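J.: Sequence below, structure please.
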Amino acid sequence: MLPFVVASYSVTDLHLDSDTGYLNSKGVVAAQAKAGNDKRCFVSKDGKAIQLPENVLDVKGINSRGQVAVFSKEGPGIWENGKMTLAPKDVGFATIAGIDDKGNLLGWMDLGSEGFGAVHRWPDKLESGFFQRPYPYAVAPDGVMVGVSRQGLRVNLSNNANGWLWNGKVQTPIGDAENKATPVCISANHIVGGSYRVGADHYERPFVWFNGQFSKLPLPDGEQQYGKVTGVNDFGTAVGYGDWLVKTPDGGAFLHKGLIWRNGKVQLLEDLLDSALNLEIRDAFAINNDGTILAAACPKDTHWPRTLVLLKPR
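T.: Presented below is the predicted three-dimensional model:
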């Protein structure tokens, strides 16, 4: 195994107070953020924040072309260069998993029968059927999806893998009956990240998966550890967060930190920054092939305000 290479990162403050966000291959960010007492949706490009129309309620992804998957008051649609294109009302997306590089929205459609649903794609239609109770979480640029199978009244999944990858024709399991996986991110070359639970254990732990190989990732030393991979690139570098209990003079305290995994080793993202910045990285949401990371930061001493930042390797 190669040694973990400590990189240093520059920090760009996007001045957006948000709990999540999406990053494309060109460093463009889409996010829902606080704006006064309300929430608004923005695209941040080259340090400039562009506010989306007020009828846009949430963003659900951004592709390499800069097209943004959105939910609006009028329904799901695509925002691109100031223009909104709404999906027809009969499309019926209940949730959107993302948008591929062809400009297709992919998500889940409620069939209205005992919780049954189906994966849907618009404007292109799906070329084949899908298995029962699919719930997609993320979409690769070529349209390959990852997600989970939900249990229900007529489906017993206790002896099957929970996670899956679907290439439009074939469903490939991720995890197994013992390691119940929830895949939430996928790179262009189909490296998958997310969290898993072992047996009846309720603690989520991070993993990456590629071409059938399921790799459990470590967390910082401590007790009651849990965490999740929320972004991964084509080189297998993953980012996300972890929570763990550390001992203190008063007993113990839980830490919640943004993390990076490379070559199977974990490190706190804030440890890779200039200490003079006094920044705490609370969460990391995405990483592209340039190594740019979208994260949430705040001052270490006050723990607020929270802002989205781009961490760029020097």
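
J.: Surely residue 17 is in contact with residue 306?
T.: Yes - with contact defined as CB atoms under 8 Å, residue 17 reaches residue 306; the gap is 5.7 Å. For glycine as for every other residue, the C-beta is placed from the backbone atoms N, C-alpha and C.

J.: Let me see the mean pLDDT of the helix or strand where residue 308 lies.
T.: Following DSSP states H and E, one finds residue 308 within strand 307-313. Regarding strand 307-313, the rounded mean pLDDT is 97.

J.: Which strands border that strand, and is each parallel or antiparallel?
T.: Strand 307-313 has the following sheet partners, assigned by DSSP bridges: strand 9-13 (antiparallel), strand 293-299 (antiparallel).

J.: Buried deepest among the ones you listed, which one?
T.: Comparing the strands paired with strand 307-313 by mean neighbour count (mean count of other CB atoms under 10 Å), strand 293-299 ranks first with a mean of 23.

J.: Neighbours of residue 302, how many?
T.: Residues lying near residue 302 (other CB atoms under 10 Å) number 9.

J.: I meant to write residue 278 there.
T.: 13.

J.: Would you agree residue 271 falls within a strand?
T.: No - going by DSSP: H, G, I helix; E, B strand; the rest coil, the assignment for residue 271 is helix, not a strand.

J.: Tell me the confidence at it?
T.: Per-residue confidence at residue 271 stands at 96 (pLDDT).

J.: any idea how far it is from residue 64?
T.: 30 Å (CB to CB, to the nearest Å).

J.: So those two - more neighbours on which side?
T.: Comparing residue 271 with residue 64 by neighbour count (other CB under 10 Å), the higher total belongs to residue 64, at 14 against 11.

J.: my read: the more buried one touches residue 23, true?
T.: No - with contacts counted by CB under 8 Å, residue 64 stays clear of residue 23, the gap being 10.8 Å.

J.: And the contacts of the strand holding residue 308?
T.: Strand 307-313 is contacted by residues 7-18, 21, 23, 27, 29, 31, 33, 44, 269, 272-273, 279, 281, 290-298 when judged by CB atoms under 8 Å, 6 or more residues apart in numbering.

J.: Adding mean pLDDT as columns, could you present the strands paired with strand 307-313 in JSON lines?
T.: Formatted as JSON lines, the strands paired with strand 307-313 follow (pLDDT from 0 to 100):
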{"stretch": "strand 9-13", "mean pLDDT": "96"}
{"stretch": "strand 293-299", "mean pLDDT": "97"}
